[in-house]
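A.B. asks: need coordinates for the following:
(chains A and B)
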Amino acid sequence: MASAELRLIRRRIKSVQSTMKITRAMELIATSRIAKARVRVKMSKPYIEKMTDVIRNIGASSGSLSHPLLDVREVETAGVVVVTSDRGLAGGYNSNVLRIAERAIADHKAAGREVRLYNVGDKAIGYFGYRKVMSAHDWTGVTDTPAYGDARTITNRLLEDYESGVVDSVEVYTTRYVSALTQDAVLWPVLPVQPPDIDVESLGEGGTSYEYEPDAETILGRLLPRYVEGTVFGILLEASASEHAARRRAMKAATENAEELVRLLSREANQARQAEITTEISEIVGGAEAMAGG
Amino acid sequence: MAGHPLFTIDIVTPESIIWSGEAEFVSAMTTEGEIGVYAAHEPTMAALSTGAVEIHTEEGMLSVGIHGGFLQIFQNSVTLLTDRAEMTEGGRVEALRLAEGMRDDSPEDASETGE
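C.D. replies: The predicted model follows:
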């Protein structure tokens, strides 16, 4: 009887150990991906910073900025972009974003605004698809390692809908990479473009007047769509870094749980083995005494 | 070319800073025509067309194929923002070839290059 119990426990230990091998491997993979993803986030920063500078300088030298992409319109239809991962096993990563996005959609509807949903990542598609929330467009295969072309494809679609008046604003629900331990689900407004503050330091630099080739308006008109692209790219890169960080943490926790479980099970197995031996000895001793007595 | 005063130039793409350093002279194609930049150029903002950029440094010349973008000259420093750029040592011809390649693989900007 005891040996059956022992066999059962040993089988469980083996199964937990093989699960642990998988979670540990996933943890290691995620760890190496975070490093790469963080480098990409860092490398992408100068572009958007310089672009912000340029827009600020145009604003400072021409007094004000005006462009359809900068105009704040009355919002009748809000564009909501939800950035999730394609794969699970990343702890609360997806559910955090989906929760704030769903709440925002409910808020928009309560305020009498239409919502046009854009899904990035299989998890968002599955979540809203299951809840019968129709999406205007879905993208997959983007968030694991985002390429600039992905950002461009998404942005083109958003700009098209914004310029044609299908949506009056675009907000992205995504995850911001704060540190290896902290990733925050946030709302990131994308359209209309929020112009950088133009009056603070840039005017102090002399309020330079630029030579424009061809002219300020044309340049701004070409610059702003690129700026949105760059912003979206930055969002995707941060989401990707967050995804890998969240997955690493989830897999680390799973591995630790498995280790703890193996420890507990081994103790149980030892007890069972001990009980088995004790029973055997007492049986032998009992038998011997019975024979000596006889 | 030697002996010209230097100015700093950064070529920045969304993926990384492709090149950063000091140059004596830079030439690029704007949507309006060619622009040549020496040190102490007046503040300028230009929209670039897809094509070649040449950077003349103290050591020699570098060519970069770029996919559109913007050129800002401000306080003796040049910032070149472009969504794609590739450096080459093959000179202007090779840079132009690279730039043409970028144009080909993104059909959606065919209208932009038609300007």
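
A.B. asks: each with direction, which strands does the helix or strand of chain A with the lowest mean pLDDT pair with?
C.D. replies: One helix or strand of chain A scores below all others by mean pLDDT, DSSP states H and E: strand A:211-213, with a mean of 80. Strand A:211-213 pairs in its sheet with strand B:44-48 (parallel), by DSSP bridges.

A.B. asks: before we move on, the earlier item: next helix or strand past the least confident helix or strand of chain A?
C.D. replies: helix A:216-293 (DSSP states H and E).

A.B. asks: wait, does that next one contact chain B?
C.D. replies: Yes. Contact of helix A:216-293 with chain B is found when judged by Cβ under 8 Å from any Cβ of the partner chain, involving A:216, A:218, A:219, A:222, A:223, A:226, A:229, A:230, A:233. C-beta: built from backbone N, CA, C; applies to glycine.

A.B. asks: neighbour count added to those residues, as JSON lines?
C.D. replies: Formatted as JSON lines, the residues of helix A:216-293 next to chain B follow (neighbours: other Cβ atoms under 10 Å in any protein chain shown):
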{"residue": "A:216", "neighbour count": "17"}
{"residue": "A:218", "neighbour count": "15"}
{"residue": "A:219", "neighbour count": "23"}
{"residue": "A:222", "neighbour count": "19"}
{"residue": "A:223", "neighbour count": "23"}
{"residue": "A:226", "neighbour count": "22"}
{"residue": "A:229", "neighbour count": "24"}
{"residue": "A:230", "neighbour count": "26"}
{"residue": "A:233", "neighbour count": "26"}
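
A.B. asks: and which of those is nearest residue A:276?
C.D. replies: residue A:233 (63.3 Å; Cβ to Cβ).

A.B. asks: residue contacts, residue A:31?
C.D. replies: residue A:248 (Cβ atoms under 8 Å, 6 or more residues apart in numbering or on different chains).

A.B. asks: how does it look with 10 Å?
C.D. replies: Taking Cβ atoms under 10 Å, 6 or more residues apart in numbering or on different chains, we find residue A:31 in contact with A:180, A:244, A:245, A:247, A:248, A:251, A:252.

A.B. asks: one more: residue A:177?
C.D. replies: Per Cβ under 10 Å, 6+ apart, neighbours of residue A:177: A:34, A:37-38, A:41, A:183-184, A:237-246.

A.B. asks: how about a cut-off of 7 Å?
C.D. replies: A:41, A:183, A:238, A:241, A:242, A:245 (Cβ atoms under 7 Å, 6 or more residues apart in numbering or on different chains).

A.B. asks: now the third one: how far from chain B?
C.D. replies: Which is residue A:238. Going from residue A:238 to chain B by Cβ to the nearest Cβ, to the nearest Å gives 13 Å.

A.B. asks: for the nearest residue to that residue once chain neighbours are set aside, give the beta-bridge partners.
C.D. replies: Leaving out its chain neighbours, the residue that sits closest to residue A:238 by Cβ to Cβ, 6 or more residues apart in numbering or on different chains is residue A:177, at 4.7 Å. Residues in a beta bridge with residue A:177, per DSSP bridges, are residue A:183.
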